[in-house]
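**Q** attaching a predicted model along with its sequence, questions to come.
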Amino acid sequence: MESIWSKSCVMEKRAHLKKDAETEVAVIGAGMAGILTAFLLQKAGKKVTVLEARRIASGQTKNTTAKITSQHGLIYHKLIQEKGIEKAKQYAAANQNAIEEYRRIIKSEGINCGFEEKSAYLYSIDEEKLKQETEAALSLGLPAFFHSHIDIPLPNKGAVEFKHQAQFNPLEFINALSQQLTIYEKTPVKNVENNTLITPCGNVKAEHIVFACHYPFINFPGMYFARMHQERSYVIALENANFPDDMYIGADDNSYSLRTYGHYLLFGGEGHRTGENSKGGRYEALKQKAEQLFPGCRKAAFWSAQDCITADDVPFIGSYSSSTPNWYVATGFKKWGMTSSMVSAMLIKDSICGIKNENSEVFSPSRFSSSQIPTMAQDWKKALKGLSRSFIQIPEKTAEELPVGHGGVVEADGEKVGVYKDENKKLHIVSIHCPHLGCQLEWNPDELSWDCPCHGSRFDFDGNLISGPAMENIN
């Protein structure tokens, strides 16, 4: 399951850390947010070191659909209602500034990454919601325009168009920036103690520490595990699929995301909360829908992505906690990782350099309002359900009864375990307890992985960690 970005761009390997080191700023994570933050800080004169557990852009960055846009679904009317006009303006301005900063960097650095200016369309069958969103966006100074109908092969009663947005190849972009940075791969940060990052390869002392690792792995302080959940979505790259050369996303349940890349159409959807895909069939459902919409199309690649989502749909960007003034965090990007990565880099760079950024308040990780309580309560309910499964769920099958090519929670030698039976009938047995906070893992048949329904950690069928917040394998 390689994205077309991974197929088109080979990243140069970097050495791992070999001894203790010191730096002004240590950035944890070499995805888009981490690389951009390091790049802007280095340009500002700071000594920066990036520590990456695996390889550069090996996490969510390589799986994005790579839209650079301030059009983030039905967000602006909601922001005005819940946070007020000033904070809504901060959100809008920060994201518009991010688009311009991409343009500036790509031009000044001479980066060839397929950067193209496009319109971003939000389509829906609910005309009133679209008009409402258009009015809200316009009141914030955004380049919005309402269309009563758009000519795409998906049901709609109009769309909100944001002009002068963009798309690109994220790996070509990040590859160019990374050449200028000090980056250590295969150097996982296992813990952070005050101003020291602990890794198996040596320790790094830093004046400032940036957590740009998708999901913060330090539970206390911050308690980010109690304030976010994760969701998965799926993409197939189609050939022979004629579609308008702009970016589109649906505002309704079970809608789709589309954008072109060369002769490919990227067709995405079938999203669900991580750990809630026991029946599978997501890729097949996307493929069938694509064949219905674009007869004669061919699937050239397929992959999936995972997103952290906050209770109010606004990222956490800024100080990690009041007790750790030299720690910073960038997380909760929802489905807008490319724009939010640049927003994070700009805000965190300013904060470390002692510059007041007028758009920072809306993203503050310490924020809280009563409007977030229902969403947070739902997340906590699901987490408690995941914890309780470990004790009360009784396996329906034994390992012997599990069909070939399937996985599940079964009984083996009197214990409840996770088992995948491969095509050769070999059993791959793992613990079903997530090492993060102990939730029971669930089998994901589409990706042959064990996924945590509480906080989104994922493991392959042999128990090797794919993504956190967990820090350990389960094998």
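**A** Right, received. Where do you want to start?
**Q** can you pull out the strands in the stretch 51-200 of the chain?
**A** 67-68, 116-123, 144-147, 159-167, 182-184, 191-193, 196-199 (DSSP state E, counting those that start in this stretch).
**Q** how about those, which one is nearest C439?
**A** strand 191-193 (21.2 Å; C-beta to C-beta). In this view, the C-beta of every residue, glycine as well, is placed from N, C-alpha and C.
**Q** centre of the chain to the closest one, how far?
**A** 24 Å (C-alpha atoms, centre = their mean, to the nearest Å).
**Q** other residues contacting that strand?
**A** L197, I198, I209, I218, W327 (C-beta atoms under 8 Å, 6 or more residues apart in numbering).
**Q** and the closest residue to G456 other than its chain neighbours, what does it touch?
**A** Spatial nearest neighbour of G456, excluding adjacent residues (C-beta to C-beta, 6 or more residues apart in numbering): Q230 at 2.8 Å. Under the criterion of C-beta under 8 Å, 6+ apart, the neighbours of Q230 are Y215, R273, T274, Q306, D307, C308, I309, H455, G456.
**Q** where's the dip in pLDDT among the contacts of strand 191-193?
**A** Scanning the contacts of strand 191-193 for pLDDT, the low point is I218. It has 94.
**Q** number of nearby residues for it?
**A** Neighbourhood size, I218 [other C-beta atoms under 10 Å]: 21.
**Q** ok, and the closest non-adjacent residue to it?
**A** Here the residue nearest I218, using C-beta to C-beta, 6+ apart, is V192, at 6.1 Å.
**Q** and what of A305?
**A** N63 (4.0 Å).
**Q** how far away is the residue nearest to I218 from Y320?
**A** 9 Å (C-beta to C-beta, to the nearest Å).
**Q** which neighbours do the two have in common?
**A** With C-beta under 8 Å, 6+ apart, V192 and Y320 have common neighbours I218, W327.
**Q** which one's more surrounded, those two?
**A** Shown here are V192 and Y320; by other C-beta under 10 Å, Y320 has more neighbours (24 against 20).
**Q** torsion angles phi and psi at the more buried one?
**A** phi -60, psi -40 (degrees, to the nearest 10).
**Q** check it and give its pLDDT.
**A** 96.
**Q** same thing with the one 10 residues further on?
**A** pLDDT recorded at A330 is 98.
**Q** hang on, isn't it packed against I348?
**A** Yes - with contacts counted by C-beta atoms under 8 Å, A330 reaches I348, the gap being 6.5 Å.
**Q** which neighbours do these two share?
**A** Between them, A330 and I348 share the contacting residues T37, V210, I317, judged by C-beta under 8 Å, 6+ apart.
**Q** and the first one, how many neighbours?
**A** Here the number of neighbours of T37 (other C-beta under 10 Å) works out to 28.
**Q** list the residues that contact the closest residue to it other than its chain neighbours.
**A** Distance criterion C-beta to C-beta, 6+ apart; nearest residue to T37, sequence neighbours excluded, is A345 at 4.3 Å. For A345, the contact set (C-beta under 8 Å, 6+ apart) comprises A33, L36, T37, F39, L40, A330.
**Q** then the first one would be within a helix, right?
**A** Yes - secondary structure assignment places A33 in a helix (DSSP: H, G, I helix; E, B strand; the rest coil).
**Q** and it, what's its pLDDT?
**A** For A33, the predicted pLDDT is 98.
**Q** look up how far A226 lies from it.
**A** 22 Å.
**Q** quick one: the helices in the stretch 251-400 of the chain, in order.
**A** 282-293, 337-352, 373-392 (DSSP state H, counting those that start in this stretch).
**Q** report the distance from the second one to the chain centre.
**A** What it means is helix 337-352. 15 Å.
**Q** quick one: mean pLDDT over that helix.
**A** 98.
**Q** okay, buried residues for that helix please.
**A** Buried residues in helix 337-352, counted by 16 or more other C-beta atoms under 10 Å: 337-352.
**Q** contacting residues around D246?
**A** So D246 contacts K118, S119, A120, Y121, R259, T260 (C-beta under 8 Å, 6+ apart).
**Q** redo that, cut-off 7 Å
**A** K118, S119, Y121 (C-beta atoms under 7 Å, 6 or more residues apart in numbering).
**Q** that one and G332, how far apart?
**A** Counting by C-beta to C-beta, the gap from D246 to G332 is 27 Å.
**Q** what helix or strand is Q230 located in?
**A** Q230 belongs to strand 228-239 when assigned by DSSP states H and E.
**Q** in its sheet, what does that strand sit against?
**A** Strand 228-239 pairs in its sheet with strand 264-273 (antiparallel), strand 298-310 (antiparallel), by DSSP bridges.
**Q** pLDDT value on A301, please?
**A** 95.
**Q** so what sits opposite it in the bridge?
**A** A237.
**Q** surely it is in contact with S8?
**A** No - the pair A301 / S8 is not scored as a contact, 10.0 Å apart, by C-beta atoms under 7 Å.
**Q** between these two, who's got more neighbours?
**A** A301 (18 against 14).
**Q** what sits against G222?
**A** P216, Y320, S321.
**Q** ok, now Y320?
**A** Counted by C-beta under 7 Å, 6+ apart, Y320 has contacts F211, G222, W327, Y328, V329, P365.
**Q** nearest to V430, of the residues you listed?
**A** F211 (27.6 Å).
**Q** what number of residues lie near the closest one?
**A** F211: 26 neighbours (other C-beta under 10 Å).
**Q** beta partners of it?
**A** Applying DSSP bridges, one finds that F211 bridges with I28, V329.
**Q** for this protein, name the helix or strand with the lowest mean pLDDT.
**A** Here the helix or strand of the chain ranked lowest by mean pLDDT, DSSP states H and E is helix 373-392, holding a mean of 62.
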